[in-house]
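Undergrad: fold the following and give me the result.
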Amino acid sequence: MSMRKIAFATVLGSGLAAAGMAEAGTIIFNSNTSDPAPKAAFETAIAEFEAANPDIDVKFNVFDHEAFKTAIRNFLTTEPPDVVTWFAGNRMKVFVDRNLFEDLTPLWQENGLDEKMASSRSAMTIADKQWGVPYAYYQWGVYYREDLFEQVGVTEPPKTWEEFKEVGAKLNEAGITPVTIGTKFLWTAAGWFDYINMRTNGLDFHIELMDGKVPYTDERVVKTFENWKELIDADFFLANHANYSWQEAQPFLYQGDAAMYLIGNFIVPQFPESVADKIGFFQFPMIDEGIPVGEDAPTDTLHIPAGAKNKEDALKFLSYMSEAGIQGELNAALGNLPPNKEAPVPEDRFLEAGFEMLADAAGLAQFYDRDTDPEMAKIGMQGFQEFMVKPDRQDAILERLEKARQRIFKN
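TA: The predicted structure is shown next:
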């Protein structure tokens, strides 16, 4: 496929080269996909879009990841492009609240996305409207050593909380740490909070908490911590985990010292060849089986800035990027999952399992630090790590988090 029509610029720092006003029939597309694989994947998708729409040119401006975080705040208010990449959850909400993203509810309705992207719809919805189109996501769940499970007589991964605790007890009895984790950089502890809270209280409650609408001292949050404490008291977690990063905690799984790791699918390329075929995946167990199932699935998204000059063609581009075939091609190159449930899934056993799990989910969360206010996320994750080390401080931690919530969400 020829890519002569892609006007391409790599943008470093906060400069806005080639990101100015669009001409008629031209889409200005500013992206944070600077790594080689995603950049190439988008170049191919753009070339295919232009071939299907010969009257439209796409000027594709690629920013460094960190530079983009600063640049997007500048260009959305000064010289808005026509399309931008970003993230679902609270990171999207920041720009929606400032009226900087276009309402894309009509696009969702016209393309049947309420059905095709049902699992990610909640992550794209604010005030009953959809504000972007997801193009990729990936699952979180429990990666585990099948051979170690077999060693302790477990032939099937646990599906319920009681089964999960029973597996942990068998592993401990055999001298195997049930769960490896490194909380040096805090965010891995947030994964445990997300899942135990969603399984205890449901996704809707979890999102209300993320939005600052529920006190951290609420009895339902207390119940989440009580469930979490059951695992801490049962010695589920790697000793001295606060001394390890998420990468430094991996060898315990690979060497057979620990049996499970709650983590995102980005861990899969790290698996050593010697153990890769011994590692399986399962959905985080159910605590209250009457609660609709929510999952953590950080989602990458496309948006049209409210000040875009060429919204008509931008809508055509986003409609194109929502199509099952395009999402399948794009995510095969990215190594992620297509949010469109009709899309072909890359041939990978972990992605296939994740696709089925997320497609059947009642809704998706974006992970704690994407779903709540950034300052609240920092304080919350500090509290989660502290709780995992000193669970007897539960009440004091929740009171501290509640004081932060009242201050941060006072408006």
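Undergrad: quickly find the element holding residue 135.
TA: strand 133-137 (DSSP states H and E).
Undergrad: and after that strand, which helix or strand comes next?
TA: strand 140-145.
Undergrad: contact partners for the closest residue to residue 52 other than its chain neighbours?
TA: Nearest residue to residue 52 in three dimensions, chain neighbours excluded: residue 320, at 7.2 Å (Cβ to Cβ, 6 or more residues apart in numbering). C-beta here means a position set from N, CA and C on the backbone, and glycine is covered the same way. Neighbour list for residue 320: 49, 52-53, 326 [criterion: Cβ atoms under 8 Å, 6 or more residues apart in numbering].
Undergrad: could you redo the last one with a cut-off of 10 Å?
TA: Counting by Cβ atoms under 10 Å, 6 or more residues apart in numbering, residue 320 touches 45-46, 48-49, 52-53, 111, 133, 326.
Undergrad: follow-up on the earlier one: packing partners of the strand holding residue 135?
TA: helix 36-52, strand 83-87, helix 118-121, strand 299-303, helix 311-321, helix 324-334, helix 349-359 (3 or more Cβ pairs under 10 Å, 6 or more residues apart in numbering; DSSP states H and E).
Undergrad: mind listing what's buried along the first one?
TA: In this case it means helix 36-52. In terms of neighbour count (16 or more other Cβ atoms under 10 Å), helix 36-52 has its buried residues at 38-39, 41-50.
Undergrad: spatially, which two of those residues are the most separated?
TA: The span of these, defined through Cβ to Cβ, is set by 38 and 50 at 18.5 Å.
Undergrad: could the helices and strands packed on strand 133-137 be laid out in JSON lines, adding distance to residue 59?
TA: Shown next, in JSON lines, are those (distance: least, Cβ to Cβ, whole Å):
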{"stretch": "helix 36-52", "distance to residue 59": "10"}
{"stretch": "strand 83-87", "distance to residue 59": "10"}
{"stretch": "helix 118-121", "distance to residue 59": "28"}
{"stretch": "strand 299-303", "distance to residue 59": "15"}
{"stretch": "helix 311-321", "distance to residue 59": "12"}
{"stretch": "helix 324-334", "distance to residue 59": "19"}
{"stretch": "helix 349-359", "distance to residue 59": "32"}
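Undergrad: looking at the ones you listed, which is closest to residue 224?
TA: That would be helix 349-359 among the helices and strands packed on strand 133-137, by Cβ to Cβ, at 21.4 Å.
Undergrad: right, and the helix or strand after the closest one?
TA: Counting by DSSP H and E, what follows helix 349-359 is strand 363-365.
Undergrad: any residues touching that next one, and which ones?
TA: Residues from elsewhere that reach strand 363-365 (Cβ under 10 Å, 6+ apart): 88-89, 118-125, 134, 137, 139-140, 194-195, 197-198, 202-204, 206-207, 210, 292-299, 339, 358, 371.
Undergrad: perfect, I'm done here.
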